[in-house]
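[1] Provided below are the primary sequence and the corresponding predicted coordinates.
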Amino acid sequence: MKKLKFKKLWLLSTKERKARKIDLDDNVTAVVADNEYGKSSLVKSLYATLGADPQKTPESWTAANVSSLLNFSIDQDEFYMLRFGPVFALFNDRKEPLWAVNGITKGLAPKLSKMVDFQVELTTKQGGVASPIPALCFMPFYIDQDRGWTESWESFSGTGFIKGYKDIVANFHTGMRPKEYYQAKSQKDEAAAKLTGLRKERDALNRARERVSAKRSSVGIAFEPEVFADRIQDLLKEQNALQSSYDEIKTKVAELQSSRSIALEEMQIAKRILSELEEDIKFLKKEDESEIICPTCNTVHLNDFSNRYGLMNDADACREIYVTSVANAEKLSSDIKNAMVPTIRLNERIAKITSILETVRGEMKLRDMLKDESERMVDAVFLDESKELDEEVGKADQSIASANAEMKKYDDRKHKKEITDYYVKKMVEFCKELDIVNVPSSVYKKIRPTISEAGSSQPRLFLAYNYAILHTIAKFSTGCFAPIVIDTPKQQDPDSARAKSAIEFCIKHKPKGAQLIIASGSMHAVEFAGRTIEPQKKHSVLEETQFSSVHEFMDPFIKSAMD
């Protein structure tokens, strides 16, 4: 299993001229502040930089138009991801650009899902196919303060267009149905879609063959070209001559039409310029001033006889061009008409070809013999096409059968029971640790239960459930384990002792080697090995003092992404 770790995060608002750089601990990072100090905006930005947007984003944060840059690692490889408006750009550890895309669903999703080993083709509600968006890749690892404590698998937005996404994500991440299962399913879906197309094509071919057969009146004459050898030679000779004459006429007419188009264009241009010159002459005659200032470029022109005379000469020249163009266009129209005259004589060659086709030798007519042979040729084409389609249908059926066998291998009951039993064991353990009584029996029946518990124990039940899932992922998943991000574990319960126990639980029971980022109003004196970040300014987690240094660092990334 791959492991994703967050290292550093840069946030930049050029609009407000504020910024912030955050260093994240490999073990535990606590973002501690009262409400309205921006701790939630900070932790929301982590996965948002990777294209997984939370259910809610504060209006003030959206208005600030914040760009973000995340330094992270996948196993031993280090990367930087820039989010700049709709643009996402990935850089290697040397800050060299690897790729840049626009948008999440079609741009970012195929690339990021490959990086985190979530290469599954999902079906949309409209019947299309889509790569897993980042929200689905990271869904189990983020508990959002707005929805994560009341709904399971709901912390990110933008997932509703995927059909049955919760079951798919739960099954994939827990290893209930690993990536190999979905790869086989993708193979099956692709083959099934191809098979549907092939069958439609084969049905269309059969209908065409039936229509042709229905209109056929075969005389059953064998193809014996030697009987009409002389007439077939005459036929080919006349056909070649007819084609040659047609091509010659076509070429000549095309050349004449091109010349006429040029003449008509010259005529229109001359007419337009003549109209403009006549307006200028008329204007100058009306003006009494000796100098006239151009309203466009402010150039001073003399309103004297020489200038007016020049305009008149230009107008006369335009008239000559116009008259010449009109005459030229009329002549070319006549030439085109004359060039088409030889087409009448082509009818003589057509009549001669018809006469040859009507030639009779014994009981056979050349036309009938050729017609019969052409029909046999059509039958041969239909037969060849049908054979090819049958072969392709057979291959698609075989591919579907192979995919079904592969899917069955990873849909084993024993394997599923092992995972479910482990999940239930962890769920029982964690519910007991968090002092949750009267746990609904539904949470033990399947990996993705409906949790409808209300009251003060609800957040603790969701915490127990999420951690049971995280431990199941750590043990059985073939995907990627990402950082655990928890936004405000103290929810409805005002009891400080329980809030403290919840925070202790988050730190103590995170899977071995996992990274935890936790946002809370207080850590309730819980000690841990890691880093604490404490935003100091109300209504703004970004700082004016950091703008210059963060802007200088992020600017090369942004410029590279824009190239």
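    Cool, the structure landed.
[2] for Lys271, give me its contacts.
    Tyr322 (Cβ atoms under 8 Å, 6 or more residues apart in numbering). Where C-beta positions appear, they are placed from N, C-alpha and C, glycine not excepted.
[3] confirm it sits in a strand?
    No: looking at Lys271 with DSSP: H, G, I helix; E, B strand; the rest coil, it is helix, so not inside a strand.
[4] how much space between Ser73 and Ile22?
    Ser73 sits 16 Å away from Ile22, going by Cβ to Cβ, to the nearest Å.
[5] then Val526?
    Per Cβ to Cβ, Val526 is found 21 Å from Ile22.
[6] Phe430 against Ala464, yeah?
    Yes: shown here, Phe430 and Ala464 form a contact pair, counting by Cβ atoms under 8 Å, at 3.9 Å.
[7] higher neighbour count, those two?
    Between Phe430 and Ala464, Ala464 has the larger neighbour count (other Cβ atoms under 10 Å), namely 26 against 21.
[8] do I have it right that that one meets Val428?
    No: when contacts are counted by Cβ under 8 Å, Ala464 is not listed as touching Val428 (9.2 Å).
[9] helices along the stretch 451-563 of the chain, start to end?
    458-476, 496-508, 547-562 (DSSP state H, counting those that start in this stretch).
[10] now do the chain
    Remark: helices assigned in the chain by DSSP state H are 39-49, 59-63, 109-115, 134-138, 165-173, 179-214, 229-286, 305-339, 342-357, 366-409, 413-433, 458-476, 496-508, 547-562.
[11] quick one: closest of those helices to Ala89.
    Of all those, the one in closest proximity to Ala89, counting by Cβ to Cβ, is helix 547-562 (3.7 Å).
[12] from the middle of its chain, how far away would stretch 540-559 be?
    Relative to its parent chain, stretch 540-559 has a centroid offset of 31 Å by Cα atoms, centre = their mean, to the nearest Å.
[13] err, stretch 167-178, not the other one
    Remark: stretch 167-178 is offset 25 Å from the chain centroid, using Cα atoms, centre = their mean.
[14] who touches that stretch?
    Here stretch 167-178 makes contact (Cβ under 8 Å, 6+ apart) with 118, 120, 122, 136, 139-140, 153, 162, 179, 182, 410-411, 416, 419-420, 423, 447-448, 469, 472-473, 475-479.
[15] next one: stretch 384-392
    Applying Cβ under 8 Å, 6+ apart, the external contacts of stretch 384-392 come out as Lys194, Leu198, Glu201, Arg202, Leu205, Asn206.
[16] and those, which of them are buried?
    Neighbour counting by 16 or more other Cβ atoms under 10 Å classes Lys194, Leu198, Arg202, Leu205 among the contacts of stretch 384-392 as buried.
[17] could you check how far the last one is from Ala403?
    If I follow you right, that is Leu205. From Leu205 to Ala403 the distance is 27 Å (Cβ to Cβ).
[18] same check, this time on Tyr181
    Tyr181 sits 10 Å away from Ala403 when distances are taken as Cβ to Cβ.
[19] hmm, back to that, which of the helices of the chain sits most buried?
    helix 134-138 (a mean of 27; mean count of other Cβ atoms under 10 Å).
[20] check which helices and strands that one sits against.
    With contacts taken as 3 or more Cβ pairs under 8 Å, 6 or more residues apart in numbering; DSSP states H and E, helix 134-138 sits against helix 109-115, helix 165-173.
[21] just want the angle from the last one to helix 179-214.
    So that's helix 165-173. 120 degrees (axes from the mean of the first three to the mean of the last three Cα atoms, to 10 degrees).
[22] compute the inter-axis angle for helix 165-173 and helix 413-433.
    100 degrees.
[23] domains in the chain, by residue range?
    Domain assignment for the chain by the TED database gives 4-177+411-562, 225-358.
[24] let's have the ones you listed in a markdown table, adding mean pLDDT and distance to Ala396.
    Formatted as a markdown table, the domains of the chain follow (pLDDT from 0 to 100; distance: least, Cβ to Cβ, whole Å):
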| stretch | mean pLDDT | distance to Ala396 |
| --- | --- | --- |
| domain 4-177+411-562 | 92 | 17 |
| domain 225-358 | 69 | 42 |
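[25] would you list those domains in CSV and tack on distance to Glu391?
    Conversion of the domains of the chain to CSV gives the following (distance: least, Cβ to Cβ, whole Å):
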stretch, distance to Glu391
domain 4-177+411-562, 26
domain 225-358, 33
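[26] right, and Arg209 touches Phe382 too?
    Yes: look at Arg209 against Phe382 with Cβ under 8 Å: they come within range, at 4.8 Å.
[27] related to what we said a few turns ago, and of the domains of the chain, who's closest to Ser186?
    The nearest among the domains of the chain, by Cβ to Cβ, is domain 4-177+411-562 at 4.3 Å.
[28] what's the first-to-last distance across that closest one?
    With Cα to Cα, to the nearest Å as the measure, domain 4-177+411-562 spans 27 Å from end to end.
[29] how far out from the middle of the chain is that domain?
    That offset, for domain 4-177+411-562, works out to 24 Å (Cα atoms, centre = their mean).
[30] quick one, longest strand in this protein?
    strand 2-13 (DSSP state E).
[31] okay, now the sheet partners of that one, with direction.
    Here strand 2-13 is paired, per DSSP bridges, with strand 18-23 (antiparallel), strand 67-74 (antiparallel), strand 480-481 (parallel).
[32] before we move on, back to that, now the helices of the stretch 451-563 of the chain in CSV, with distance to Gln145?
    CSV is the format used below for the helices of the stretch 451-563 of the chain (distance: least, Cβ to Cβ, whole Å):
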stretch, distance to Gln145
helix 458-476, 10
helix 496-508, 13
helix 547-562, 26
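[33] sorry, back to before: next, the buried residues of the longest strand of the chain.
    For strand 2-13, by 16+ other Cβ under 10 Å, it's Lys3, Leu4, Lys5, Phe6, Lys7, Leu9, Trp10, Leu11, Leu12, Ser13.
[34] distance to Phe557 added to the residues you listed, as JSON lines?
    What follows is the buried residues of strand 2-13, written out as JSON lines (distance: Cβ to Cβ, whole Å):
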{"residue": "Lys3", "distance to Phe557": "24"}
{"residue": "Leu4", "distance to Phe557": "20"}
{"residue": "Lys5", "distance to Phe557": "20"}
{"residue": "Phe6", "distance to Phe557": "17"}
{"residue": "Lys7", "distance to Phe557": "15"}
{"residue": "Leu9", "distance to Phe557": "13"}
{"residue": "Trp10", "distance to Phe557": "9"}
{"residue": "Leu11", "distance to Phe557": "13"}
{"residue": "Leu12", "distance to Phe557": "10"}
{"residue": "Ser13", "distance to Phe557": "16"}
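[35] Ile533: which of the residues you listed is nearest?
    Leu9 (10.2 Å).
[36] not counting sequence-adjacent ones, nearest residue to that closest one?
    Among residues not flanking Leu9 along the chain, Ile22 sits closest, at 4.5 Å (Cβ to Cβ, 6 or more residues apart in numbering).
[37] for that neighbour, give its distance to Asn35.
    19 Å.
[38] next: Ala204.
    66 Å.
[39] quick one: contacts for Gly158?
    Applying Cβ under 8 Å, 6+ apart to Gly158 gives the contacts Asp53, Ile104, Ile133, Ala135.
[40] wait, doesn't Thr420 sit right on Ile447?
    Yes: assessed by Cβ under 8 Å, Thr420 is found in contact with Ile447 at 6.5 Å.
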